[in-house]
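In: Okay, sequence plus prediction incoming.
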Amino acid sequence: MRDGKPPAERIPILKMGEFLLVTIQVEMHDRLVMGLQDELTQQIVQHRARGVLIDISALEIVDSFIGRALGNIAKMARVLDAETVVVGMQPAVAITLVELGLNLEGVRTALNAEKGMALMRRGFDAR
Amino acid sequence: MIGVLDSSRTQMVMEALLQRIVETGSGLAIIDITGVPTVDTLVAQHLLKTVAAARLMGAECIISGIRPQIAQTIVHLGVDLGSVATKATLADALILALGRIGATVTRSAPRA
Amino acid sequence: MPAVREETMDVRSDEDVMRVRQVTRQWAIDLGFSLIDQTKIVTAASELARNALIYGGGGITRFEALHEGARRGLRLTFEDKGPGIADVAQAMRDGFTSGSGLGLGLGGARRLSNEFDIVSAPGQGTTVRIARWK
């Protein structure tokens, strides 16, 4: 513990067969986001994961930092021969991202975890 | 959608659409504007932003019911529909939508 | 026009940027903003608070409730005593597509707000103000 404050929480990463599942349930500060990026990359290699599903249905704010982090995760995953799907984006978040002008190119999205898993299992054929 | 669309009404309808997409888990939504007489730049922009937002969420939209006047307005205003699919009639949009999800439509009765 | 309520907080760490989001959210809720308008101003606040921290070396955020007749609004001011920006117009454009640097944050915050202004010069720090009206 530093300064008497509780340690920053890690975001848990679950392994499900060839896929890694991340459910973001807390408001994240920037260091936590970076930590997640690092840890995901490590685990993709460690478990030879083919896909990463990131559930952001509890995330009420996605700003350019988080948006970029998601894009980076997708890029790094692809280099490691894994695909990324981001699921559960809230409508208010989507509308704000459009207004913000952030390009989430390279990040596949699906409405929910079920559809995201189906997408990954289909091997990401072109829609 | 039916009736005159002003900017704020369009915004409300579009937000409701995105919410419905989440609730029903529909990967594809058809926005039919057959009953809309005119579209100004603001409304057109709202439509496009909504389609972009739906896409970000993981759903696709088809805009149908575009009357010749609206098509002219869209071109005249220089609005770029980009890769948004549009169809003149709702029927055509449904055929497109069903095609995308792997179903086919056959006609069982002569066209009226 | 007179601002009625006011609050100021430090932005010196990642946790502070997160707190700015939380405090902005509460102000927006208290002022009766719709969910989408809340999301827009909280996202804009996040961008600008982060800028103040990373590019400004830390700073402060000021919250003010605005009243103009029956209209209610929220104004946020982000102030730092950092190096300042030499070419503001360029900074607003820079990085918008490459996704790095100030551009995405500044331009994004402007697009998400009803009002936006920025004062900055080399050696004179940076002050950015945004406002959203209900």
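Out: That came through, no problem. Numbering: from 1, shown residues only, chains lettered A, B, ... in the order given.
In: For chain C, see how far away the residue nearest the centre of chain A is.
Out: Computing the C-alpha centroid of chain A and ranking residues by C-alpha atoms, centre = their mean puts A:I54 first, at 3.6 Å. A:I54 sits 18 Å away from chain C, going by C-beta to the nearest C-beta, to the nearest Å. From N, CA and C alone the C-beta is placed, and that goes for glycine too.
In: Surely that residue touches A:V22?
Out: Yes: the criterion here is C-beta atoms under 8 Å, and A:I54 meets it with A:V22 at 4.8 Å.
In: hang on, the earlier thing: right, is the one helix or strand the residue nearest to the centre of chain A maps to up against chain B?
Out: Assigned by DSSP states H and E, A:I54 belongs to strand A:51-55. No: Strand A:51-55 stays clear of chain B (C-beta under 8 Å from any C-beta of the partner chain), getting no nearer than 11.9 Å.
In: and that strand, which strands flank it?
Out: Taking DSSP bridges as the criterion, strand A:51-55 sits next to strand A:19-23 (parallel), strand A:83-87 (parallel) in its sheet.
In: among the ones you listed, which is the most enclosed?
Out: strand A:83-87 (a mean of 24; mean count of other C-beta atoms under 10 Å in any protein chain shown).
In: helix or strand right after it?
Out: Heading towards the C-terminus - elements assigned by DSSP H and E - strand A:83-87 is followed by helix A:91-100.
In: and that following helix, average pLDDT?
Out: The average pLDDT within helix A:91-100 is 94.
In: sorry, back to before: any idea of the angle the helix or strand that the strand holding A:I54 is followed by forms with strand A:19-23?
Out: Downstream of strand A:51-55, the next assigned helix or strand under DSSP H and E is helix A:64-79. Taking axes from the mean of the first three to the mean of the last three C-alpha atoms, to 10 degrees, one finds helix A:64-79 and strand A:19-23 inclined to each other by 170 degrees.
In: for helix A:64-79, what is the average pLDDT?
Out: Helix A:64-79 comes out at a mean pLDDT of 93.
In: Stretch B:84-102: how far from the chain's middle?
Out: Its chain's C-alpha centre and that of stretch B:84-102 lie 10 Å apart, by C-alpha atoms, centre = their mean, to the nearest Å.
In: for that stretch, what is the average pLDDT?
Out: Mean pLDDT, stretch B:84-102: 74.
In: Sort out which residues of it are buried, please.
Out: Within stretch B:84-102, the residues that qualify as buried are B:V84, B:A85, B:T86, B:K87, B:A93, B:L94, B:L96, B:A97, counting by 16 or more other C-beta atoms under 10 Å in any protein chain shown.
In: helices or strands up against the helix or strand hosting the fifth one?
Out: Under DSSP H and E, the secondary-structure element containing B:A93 is helix B:90-100. Of the remaining helices and strands, those touching helix B:90-100 by 3 or more C-beta pairs under 8 Å, 6 or more residues apart in numbering or on different chains; DSSP states H and E are strand B:28-32, strand B:60-64, strand B:85-87.
In: Pick the most buried one from those strands.
Out: Stretch with highest mean neighbour count among the helices and strands packed on helix B:90-100: strand B:60-64 (a mean of 22; mean count of other C-beta under 10 Å).
In: Quick one: residues in contact with it.
Out: Outside strand B:60-64, the residues within contact range by C-beta atoms under 8 Å, 6 or more residues apart in numbering or on different chains are A:127, B:27-34, B:47, B:50-51, B:54-55, B:81, B:84-90, B:92-93, B:96-97, B:100.
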